[in-house]
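Participant: sequence plus predicted model, see below.
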Amino acid sequence: MRFFRKSLVGLMLLFLSVGLLAYAGQMVGTALQERSDNGKRAPQKRERVFTVNVVLAEPQSIAPVLQAFGEIQSRRSLDLRMAKGGQVVMLSENFVEGGQVQAGEVLVQLRKSDAQSALLRADADVTDAIAEVVEAQRALELVTDELQAARDQGDLRQRALARQLDLKKRGVGTSAAVETAELAVSSVNQLVLTKRSGVDQVKARGAQAQTRLARAELAHADARRGVEDTALIAEFTGVLSGVSLVKGGLVSPNEKLGSLIDPKDLEVSVRISTEQYARLLDDDGRLITSPVKVFMAVSGADLSADAVLNRDSGSVGAGQTGRVVFAALKEPRGLMSGDFVTLNITEPMQNYVMNLPASAVNANNEVLLIGDDERLQSQVVQVVRRQGNDILVRARGIAGKKVVAELTPVLGAGIKVKPVRSDGANKVPEEPATVELSPERRARLIAAIEGNGYIPDDAKERIVKQLKMEKVPAKVVERIESRMGG
């Protein structure tokens, strides 16, 4: 019994010792773990705040600008063709490619000896026809007088017959005398009929003479026109294009010798979509006379001109879409027919719209607004126009609020942000960058501008004046060197 009790006490002490050792090991391990984790303790997490650029949504009235591309063409052009064929005996000094001609100037002269001979023959035929008409008139006067004489003679014979009848009634005259008088009256009546027939024949002859004269005059007009057709005359003042003719060459009838173009009466033909065309119509469905700015980039400068929409095409065209509109140029200095230009067409005024960057609107036509607690709020807007990097929108409740200028995938409704104005408010405008040119570089740029034939003289003077300054705008230098390959 005693052995059994001591054995139980020993087992208890053994289990107690193992438990204490296990507890002590656990405490040591926990202490070591806490010690190793003291240097890696995570800081307290805080909400992330994004910095965003914002713009102020200000309602205003804006006239949208439609940008399109078109080709310049002349509203007044003429194909130079000869109505008759022949040999070229004279060419104008201005009858060359790009030659400046004046209205009424003789450009081409063909040999006209045959045409002049035909005109002289026509003159002779007209003279003969006139003489025949005059002769017919004199013959008509003569036969008319003869008819009157026959009628007067008939009156005398009638009075003689009446006298013989009276004498016979009184018993003085004889039947033979009465019969003789009656035969005389009958003869005179036959003569009157003959003279009347002669008058009708002479009148018919006069009508034929008048017809022959009319035909002769028509032939004379054709012959005179044939002489005039041997010369090609400029109908208006303009510039020649596509000229290919030499002196002494043979020209066929209706052969095209070139084109005459009026360089001062130009217009731009531009094709736009049906949606864009609908925005340029008034309440009556007619095209508005909207102002247009036309420009073309050239070396060192931009050629520009003002224009106005004046008409649209009558049909769409086979295999085409959209509409073709035309804008008449007011002062096309430096612009020529065939140039491909850019047009900025002013559309009708849009009221209560806000101009925002295109990056401020997502694919669902939503923008992000800055709330009172600087948290983002989503708002659906109506997109009115898209113009390059800007967009015109209209919506209720966003007037005067700050709109996020650039949307990113990390931004969304409920996110806290720090707004920064990006619309240029409270900023001092920067001066344009300038560069100092070396004498060799300055001379090379000036030579490139003066040697360019497409730049007007006034634009050349302005650019050369800028290049001669001590400090030249960097944009001007960069644009010139990019076009001259420097």
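Facilitator: Noted; the coordinates are in hand. Residues are numbered from 1 along each chain as shown.

Participant: what is the burial count for residue 28?
Facilitator: 10 (other CB atoms under 10 Å). Using the backbone N, CA and C atoms, a C-beta is placed for each residue, glycine as well.

Participant: mean confidence for the host helix or strand of it?
Facilitator: Assigned by DSSP states H and E, residue 28 belongs to helix 2-37. What helix 2-37 shows for mean pLDDT is 76.

Participant: CA-only coordinates of the helix or strand that that helix is followed by in PDB, if you can.
Facilitator: The first helix or strand that comes after helix 2-37 along the chain, using DSSP H and E, is strand 50-56. Taking C-alpha atoms only, strand 50-56 is exported to PDB below (Å, rounded to 0.1, in the frame of the first residue of the first chain):
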ATOM      1  CA  PHE A  50      -6.200  61.000 -54.700                       C
ATOM      2  CA  THR A  51      -5.200  64.300 -56.200                       C
ATOM      3  CA  VAL A  52      -7.300  65.200 -59.200                       C
ATOM      4  CA  ASN A  53      -7.400  68.100 -61.700                       C
ATOM      5  CA  VAL A  54     -10.700  69.800 -61.800                       C
ATOM      6  CA  VAL A  55     -12.400  72.400 -63.900                       C
ATOM      7  CA  LEU A  56     -15.300  74.700 -63.100                       C
END
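
Participant: doesn't residue 378 fall inside a helix?
Facilitator: No: if the criterion is DSSP: H, G, I helix; E, B strand; the rest coil, then residue 378 is strand and not within a helix.

Participant: measure how far the helix holding residue 28 is from the centre of its chain, please.
Facilitator: In terms of CA atoms, centre = their mean, to the nearest Å, the centre of helix 2-37 is found 103 Å from the chain centre.

Participant: do stretch 184-200 as well
Facilitator: Stretch 184-200 sits 79 Å away from the centroid of its parent chain (CA atoms, centre = their mean).

Participant: now swap in stretch 230-245 and tell me
Facilitator: 24 Å.

Participant: start to end distance for that stretch?
Facilitator: The first and last residues of stretch 230-245 sit 15 Å apart, counting by CA to CA, to the nearest Å.

Participant: now swap in stretch 343-354 and tell me
Facilitator: OK, stretch 343-354 end separation, CA to CA: 24 Å.

Participant: mean confidence score for it?
Facilitator: Mean pLDDT, stretch 343-354: 89.

Participant: could you tell me which residues within that stretch count as buried?
Facilitator: Neighbour-count burial for stretch 343-354 flags 343-347, 350, 353-354 (criterion: 16 or more other CB atoms under 10 Å).

Participant: go through this structure and flag its longest helix.
Facilitator: In the chain, taking DSSP state H as the definition, the longest helix is helix 113-169.

Participant: with adjacent residues omitted, what lies nearest to residue 61?
Facilitator: Closest residue to residue 61 apart from its sequence neighbours, by CB to CB, 6 or more residues apart in numbering: residue 351 at 4.9 Å.

Participant: next structured bit after the strand or helix carrying that neighbour?
Facilitator: Here residue 351 sits within strand 350-357, counting by DSSP H and E. Downstream of strand 350-357, the first helix or strand assigned by DSSP H and E is strand 366-370.
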